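In: Quick one, structure for this:
(2 chains)
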Amino acid sequence: MTIGETMVAASLFLASMAGSLQVWGVSASVAVAEEQRQELRERVEAELMASEARLRRHGGEMAPSPDCGDQGQALGTALAAHPLPAGLRRQVSTSEDGLVQVEVAANDLAEPARVRLWSPAAFGLCGGGASPPPEASPSPEAP
Amino acid sequence: MSGDGNAYRANAAPVVAPSVQPPAALSLPGCVSHPRDRRRQGGFALPVAVVGALILLLGSLAAQSALHQSRLRHASALGQRRLEDALASAAHQLVGRLVAHHPCLLTLPLAAWPGSGSTCADAAAQEWLRQGEVPALAYRLEGWEPAAGAPVAGDGRAGRIERIVLELSRRSGSGHPPWRAAFALDVQRDPPQVLALRELGLRGVRP
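Out: Next comes the predicted model:
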């Protein structure tokens, strides 16, 4: 084993080790960042699910009405009044026909917001056949 | 004889001496070895270093590959969640349109819609119902069928509520596979009204 060979081998190994450490370092930092992004996505997902649960809960407390627009406005207002967890941003809007649009995004997440539409009609809160609760207006066809 | 021996040693010494003491410039300090040992040991550092470097390189590549796979998996899951959002939004939009403008179609299967008459929904209105757009998705109504089995009993009005299975798909042409999503609706027959909508999930691609 010569000094030259030893020096070449050591240089090669040290260079590959330095490069490998650099790659591992970059990979670790990217993995940590990806994990944080995934955690933020989960928070956005949880907020969307909570929004639907709140809409259903508010819908359960509302009396049915023929006008879907009014019902949608009431749902949107009730949803927007709920406090939002830190780090998230939310936008609630209601169309004329009562469709409640909710956009939720994380402040530190450079991704488009998640968007969901909810209709009060799908909760049985409005429509041409909307009627008061069953006990208030028994159906003529009921046995 | 001793003279011959002395002569032999005198003649042999110059031949043997150089092979016993290797040149100082070519040997490691404190390392004295036989030429055959040198041939056997010489050059082991470079292969070891090359193998070590290759192992480090492969380890780095494996880490990079695992990270890339993880990112792809997360991106795919996010894309599917967004698609589920869009299809669920489409279901709510469609139900809102039906309830607000054409409740007469609520209890009719999709195949019976064209014969429902102009008083219920004309062709243009039906086309408006069959195709729509929500944020990030253009969708098509694929199915609106009463679920198989007996009508669903509820609210003490047995026989007046039935289960409708709604199927929506992403409209083709957007460069994405035409995923379908299914939803179950409890629909009151008289007067026609949707009581509840539940997601049944994505149903994948159909030809």
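In: Give the residue spans of the chain that score low on pLDDT.
Out: By default, I'm working from chain A. A:1, A:128-143 (pLDDT under 70).
In: Oops, wrong one, chain B.
Out: Using pLDDT under 70, chain B drops low at B:1-42, B:148-160, B:172-177, B:204-207.
In: hmm, the lengthiest strand in it in reach of chain A?
Out: Ordering each strand of chain B by length in residues (DSSP state E) puts strand B:193-205 first. Yes. Residues of strand B:193-205 are located near chain A by C-beta under 8 Å from any C-beta of the partner chain, namely B:193-197. The way it works is simple: take the backbone N, C-alpha and C, and place the C-beta from them, glycine included.
In: Among these, which one has the most neighbours?
Out: Neighbour tally across those (other C-beta atoms under 10 Å in any protein chain shown): the maximum, 27 neighbours, falls on B:Val194.
In: elements contacting the helix or strand hosting A:Ala50?
Out: For A:Ala50, the host element (DSSP states H and E) is helix A:3-61. Packed against helix A:3-61 by the contact rule (3 or more C-beta pairs under 8 Å, 6 or more residues apart in numbering or on different chains; DSSP states H and E) you find helix A:68-80, strand A:88-94, strand A:100-106, strand A:114-118, helix B:45-101.
In: at 6 Å instead, please
Out: Judged by 3 or more C-beta pairs under 6 Å, 6 or more residues apart in numbering or on different chains; DSSP states H and E, the packing partners of helix A:3-61 are helix A:68-80, strand A:100-106, strand A:114-118, helix B:45-101.
In: Return the residues of chain B in contact with chain A.
Out: B:42, B:45-46, B:49, B:52-53, B:56, B:60, B:63-64, B:67, B:71, B:74, B:85, B:89, B:92-93, B:95-96, B:99-100, B:103, B:134-135, B:155, B:157, B:191-195, B:197 (C-beta under 6 Å from any C-beta of the partner chain).
In: Just the buried ones from those residues, in PyMOL syntax?
Out: Filtering the residues of chain B next to chain A down to the buried ones (16 or more other C-beta atoms under 10 Å in any protein chain shown) takes a single PyMOL command:
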select buried, chain B and resi 45+46+49+52+53+56+60+63+67+85+89+92+93+95+96+99+100+103+134+135+157+192+193+194+195+197
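In: how big is the angle separating the longest strand of chain B from helix B:45-101?
Out: Counting by axes from the mean of the first three to the mean of the last three C-alpha atoms, to 10 degrees, strand B:193-205 lies at 150 degrees to helix B:45-101.
In: May I have the strands that pair with strand B:193-205, each with its orientation?
Out: strand B:179-188 (antiparallel) (DSSP bridges).
In: Could you check the strand it pairs with and say which residues are buried?
Out: Buried, per 16+ other C-beta under 10 Å, within strand B:179-188: B:179-183, B:185-188.
In: hmm, who's touching that strand?
Out: Residues outside strand B:179-188 that contact it (C-beta atoms under 6 Å, 6 or more residues apart in numbering or on different chains): B:83, B:87, B:91, B:106-107, B:161-170, B:194-200, B:202-203.
In: repeat for stretch A:32-52
Out: A:88, A:102, A:104, A:106, A:109, A:114, A:116, B:71, B:74.
In: and A:Arg89, how many neighbours?
Out: Applying other C-beta under 10 Å, we find 13 other residues in the vicinity of A:Arg89.
In: One more: B:Arg163?
Out: 18.
In: what's the distance between the closest residue to B:Arg81 other than its chain neighbours and A:Gly69?
Out: In this structure, B:Arg81 finds its nearest non-sequential neighbour in A:Glu45, 6.8 Å apart by C-beta to C-beta, 6 or more residues apart in numbering or on different chains. The gap separating A:Glu45 from A:Gly69 is 29 Å, by C-beta to C-beta, to the nearest Å.
In: again, but for B:Cys120
Out: Relative to A:Gly69, and taking C-beta to C-beta, B:Cys120 is found at 22 Å.
In: next one: A:Arg114
Out: In terms of C-beta to C-beta, A:Arg114 sits 25 Å off from A:Gly69.
In: Look at the two and report which has more neighbours.
Out: A:Arg114 (21 against 17).
In: show me what contacts the more buried one?
Out: A:44, A:48, A:104, B:85.
In: Rebuild those as JSON lines, extending it with distance to A:Val92.
Out: Formatted as JSON lines, the contacts of A:Arg114 follow (distance: C-beta to C-beta, whole Å):
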{"residue": "A:Val44", "distance to A:Val92": "15"}
{"residue": "A:Leu48", "distance to A:Val92": "12"}
{"residue": "A:Val104", "distance to A:Val92": "10"}
{"residue": "B:Asp85", "distance to A:Val92": "15"}
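In: In ChimeraX, select just the buried ones from those.
Out: The command below creates a ChimeraX selection of those among the contacts of A:Arg114 that count as buried (16+ other C-beta under 10 Å):
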select /A:44,48,104 /B:85
